[in-house]
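# Curious how this folds, go ahead:
(chains A, B and C)
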Amino acid sequence: MPELPEVEVVRAGLAPAVVGARIVAVDARDARALTRHDGDAGSFERALTGRLITGVARRGKFLWMPLAPASADDAPRGAVIAHLGMSGQMLLRASGALVERHERVRLDVHHPDHGDLAVVFADQRTFGSLAIDDLVPTADGRVGGWGSDEALVPSQVVHIGRDPLDDAFDEAAVVARVRAKRSAVKRILLDQTVVSGVGNIYADEALWAARIHPETPGDALSVRAVRRLFAEVRAVLLKALAEGGTSFDAQYVNVNGQAGYFAHSLNAYGRDGLPCPRCGRPIVRDSFMNRSSHYCPRCQRPTGSAPLR
DNA sequence: CAATCTTCCTGCGCGC
DNA sequence: TGCGCGCAGGAAGATT
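Numbers count the residues shown, from 1 in each chain, chains lettered A, B, ... in the order given. Got it, this is the predicted structure:
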């Protein structure tokens, strides 16, 4: 479920509570939440207990919490990585709080200023997961992502492209990659190795704003059209972030269990049959890549039907 | 090699 | 009210 804005809301909420905190106990009650972890629940629990969290970083939809070295010869450094999948949540609770619905993993932490706290990973559909991973140098030598102050990234995040809000996002290179592909532009937007952080909601919203049909091949778009698309991607991500993310139900919430407001600002996603806010024609929903695409059939013409200025 | 298909889960809302 | 079906914010890994 969560895309970049929702994951960033979680990162920003987690950071003040856990940076500088020590993990005092770990309960991995559901091993399905550790599918990215190399080892069983017991090894996860033992490896994390006693460790100090030094940060909370994000690239695209991946989160990670770097750990202080366990000993002088502990290299490479480790991190707890988290991907929320479709329905994952990170919740901050009082120490000893009742088990959450869909709770999979709990970290009990002690912070020198804030005292005892529980960090709960809850996930209805279990597509999300946590893992312990090694930090490795970034390919471009820049910091790993938002919230990171080191040129390091977990090994499982190396293949993930920079997101469009990242200072190190190389727009010229990404525009060239998009234009080198014959795939549908929406598919390219959802390919996290090209550009990260964009999922089904924000892809539909950015394409609507840029007036580009989701099935337009990447190599049919002008440089100008792709640049306009990324400008709209950035705009929609920032606006959603400012509004606390998109919440349709109880699945997407911040670390305190609160919903965001961006669902009220959607122009295309989930609005099939409702008038396009720009031209009034009903928004259409198509099946695409086993998911749904929402677009305006007048404003977003397929390739060749309207000039892509 | 790049593009596409399959699979992992639970739960909700809808139509019958 | 109950039941089956379709659908849901993702992405790794297999397959063509």
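
# average pLDDT for the strand or helix carrying A:Pro16?
Here A:Pro16 sits within helix A:4-18, counting by DSSP states H and E. Mean pLDDT, helix A:4-18: 97.

# Touching whichever helix or strand comes after that helix from outside, list them.
Sequence-wise, the next helix or strand downstream of helix A:4-18 (DSSP H and E) is strand A:22-28. Outside of strand A:22-28, the residues within contact range by C-beta atoms under 8 Å, 6 or more residues apart in numbering are A:34, A:41, A:44-45, A:48-53, A:104-111, A:116. C-beta coordinates here come from the backbone N, C-alpha and C atoms, glycine included.

# For the stretch 51-200 of chain A, list the residues in contact with DNA strand B, please.
Selection of the stretch 51-200 of chain A residues close to DNA strand B by C-beta under 7 Å from any atom of the strand yields A:His102, A:Gln124, A:Arg125, A:Thr126, A:Phe127, A:Lys181, A:Arg182, A:Ser183, A:Ala184, A:Arg187.

# buried sites along the helix holding A:Pro16?
Neighbour counts using 16 or more other C-beta atoms under 10 Å place A:4-15, A:17-18 of helix A:4-18 among the buried residues.

# quick check, nearest of these to A:Ala168?
Using C-beta to C-beta, A:Leu4 comes nearest to A:Ala168 of the buried residues of helix A:4-18, at 15.1 Å.

# All the helices of chain A, residue numbers only.
In chain A, the helices defined using DSSP state H lie at A:4-18, A:41-48, A:171-179, A:185-190, A:200-210, A:223-242.

# can you give me the strands for chain A?
Assigned by DSSP state E, the strands in chain A fall at A:22-28, A:57-59, A:62-66, A:78-83, A:88-94, A:103-111, A:115-123, A:129-137, A:152-154, A:284-288, A:291-295.

# Reformat those strands as JSON lines; add mean neighbour count and mean pLDDT.
Formatted as JSON lines, the strands of chain A follow (neighbours: other C-beta atoms under 10 Å; pLDDT from 0 to 100):
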{"stretch": "strand A:22-28", "mean neighbour count": "18", "mean pLDDT": "98"}
{"stretch": "strand A:57-59", "mean neighbour count": "28", "mean pLDDT": "98"}
{"stretch": "strand A:62-66", "mean neighbour count": "27", "mean pLDDT": "98"}
{"stretch": "strand A:78-83", "mean neighbour count": "25", "mean pLDDT": "98"}
{"stretch": "strand A:88-94", "mean neighbour count": "22", "mean pLDDT": "97"}
{"stretch": "strand A:103-111", "mean neighbour count": "22", "mean pLDDT": "98"}
{"stretch": "strand A:115-123", "mean neighbour count": "20", "mean pLDDT": "97"}
{"stretch": "strand A:129-137", "mean neighbour count": "20", "mean pLDDT": "97"}
{"stretch": "strand A:152-154", "mean neighbour count": "25", "mean pLDDT": "97"}
{"stretch": "strand A:284-288", "mean neighbour count": "15", "mean pLDDT": "90"}
{"stretch": "strand A:291-295", "mean neighbour count": "21", "mean pLDDT": "94"}
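
# Now distance to DNA strand C too, for these, in CSV please.
Formatted as CSV, those follow (distance: least, C-beta to the nearest atom of the strand, whole Å):
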stretch, distance to DNA strand C
strand A:22-28, 19
strand A:57-59, 10
strand A:62-66, 7
strand A:78-83, 6
strand A:88-94, 9
strand A:103-111, 15
strand A:115-123, 11
strand A:129-137, 9
strand A:152-154, 11
strand A:284-288, 7
strand A:291-295, 3
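
# Restricting to C-alpha, output stretch A:237-254 in CSV.
Extracted in CSV, the C-alpha atoms of stretch A:237-254 (Å, rounded to 0.1, in the frame of the first residue of the first chain):
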residue,chain,number,x,y,z
LEU,A,237,4.6,13.2,-3.9
LEU,A,238,5.4,16.5,-2.1
LYS,A,239,1.7,17.5,-1.8
ALA,A,240,0.8,14.0,-0.6
LEU,A,241,3.6,14.2,1.9
ALA,A,242,2.4,17.6,3.2
GLU,A,243,-1.0,16.1,3.7
GLY,A,244,0.2,13.1,5.6
GLY,A,245,-0.2,10.5,2.8
THR,A,246,-3.2,8.7,1.3
SER,A,247,-5.5,6.7,3.5
PHE,A,248,-8.5,4.8,2.1
ASP,A,249,-8.9,2.5,5.2
ALA,A,250,-7.2,1.6,8.4
GLN,A,251,-4.2,0.0,6.7
TYR,A,252,-2.2,3.2,6.0
VAL,A,253,-1.5,5.1,9.1
ASN,A,254,1.4,7.0,10.6
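
# Perfect, I'm done here.
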